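S.K.: Based on what follows, work out the 3D shape:
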Amino acid sequence: MKTKFLKLSVFTFFLLVFLACNDAKNSCEIEQAEIESLTKKLDSVVKMKSSDRENSEVNILSSIRRIKQNEVQYYDYNYQIVNNQSKLTDDTMELKVPVSNENFRHHNTFDISSSTRSAILYHISDGTIDERSNNPITHILEDKVHTTILNDGIKNDSVIVLVINDNSTEFNANRSAILNEAREFIATGVEPTSISLCEAIKTADFDKFRPQEACGGIIVK
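M.R.: The predicted structure is shown next:
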């Protein structure tokens, strides 16, 4: 929306300048600084939009609901991704993330793919710093994420989804380190099942990444 508004502003400005320049009653003296200012603002927003691959632009839908009785059987852990409950198509990743309360929200999605495997880090939080992984599963956080977040596309017809629960303030303060550790974890090669992935995360040697508050799984086309 902001991009469209600025584009419209720039277009309108230059249109007025053009009309003024074709009016014999006007001197047609244009403030170069004003033109450069508008152009820079437009370029800045366009670059931000094209480079920011982790925000809501790649997320179509995010909502939370009570878990259904017939869904409980599919999940062993909070934050677990189970194939067929969560689904992968050419265009979207349809995620169903089991959580322990209704306050959980999606915050960011990041491409953490390796040279051989497609993977994303899906950051959620209930707004606290409390550990929730051992609490009973009560809700499902549902979301749809565009596969365009994967810079190199879908490899091997599958995507590994790492889900991490972390307070946004702490996550953002350590984001670079967390993403680097997540990418290194994917690059080492992990088992393509949700249970083994969750167990591998919890025993991995992380510094900033919160393994006790992470799980995930793999979804296949």
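
S.K.: Tell me both backbone torsions, phi and psi, for residue 161.
M.R.: Dihedral pair for residue 161: phi -110, psi 110, per degrees, to the nearest 10.

S.K.: now the one 3 residues further on
M.R.: Note on residue 164: backbone dihedrals following degrees, to the nearest 10 are phi -130, psi 130.

S.K.: Give me the residue at the spatial middle of the protein.
M.R.: Central residue of the chain (C-alpha atoms, centre = their mean): residue 109, 1.7 Å from the mean position.

S.K.: Which of the helices or strands spans it?
M.R.: strand 105-111 (DSSP states H and E).

S.K.: Off-centre distance for that strand?
M.R.: 3 Å (C-alpha atoms, centre = their mean, to the nearest Å).

S.K.: Stretch 132-144 too?
M.R.: Here the centre of stretch 132-144 is set off from its chain's centre by 18 Å, with C-alpha atoms, centre = their mean.

S.K.: which residues are in contact with stretch 194-202?
M.R.: The contact list for stretch 194-202 (C-beta atoms under 8 Å, 6 or more residues apart in numbering) reads 76-77, 79-83, 160, 162, 185, 190-191, 211-212, 214-218. (Each C-beta comes from the backbone N, C-alpha and C, glycine too.)

S.K.: Could I have the buried ones of those as ChimeraX selection syntax?
M.R.: Per 16 or more other C-beta atoms under 10 Å, the buried members of the contacts of stretch 194-202 correspond to this ChimeraX selection:
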select :77,79,80,81,82,83,160,162,185,190,211,214,215,216,217,218
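
S.K.: Show me the contacts of stretch 194-202 that map onto strands.
M.R.: 160, 162, 214-218 (DSSP state E).

S.K.: Now tabulate the residues you listed in CSV and tack on pLDDT and distance to residue 69.
M.R.: What follows is those, written out as CSV (pLDDT from 0 to 100; distance: C-beta to C-beta, whole Å):
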residue, pLDDT, distance to residue 69
160, 96, 29
162, 95, 28
214, 93, 26
215, 94, 22
216, 94, 24
217, 94, 21
218, 94, 26
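
S.K.: right, and the pair among those with maximum separation?
M.R.: Farthest pair in the ones in strands among the contacts of stretch 194-202 (C-beta to C-beta) is 214 and 218. Separation: 14.6 Å.
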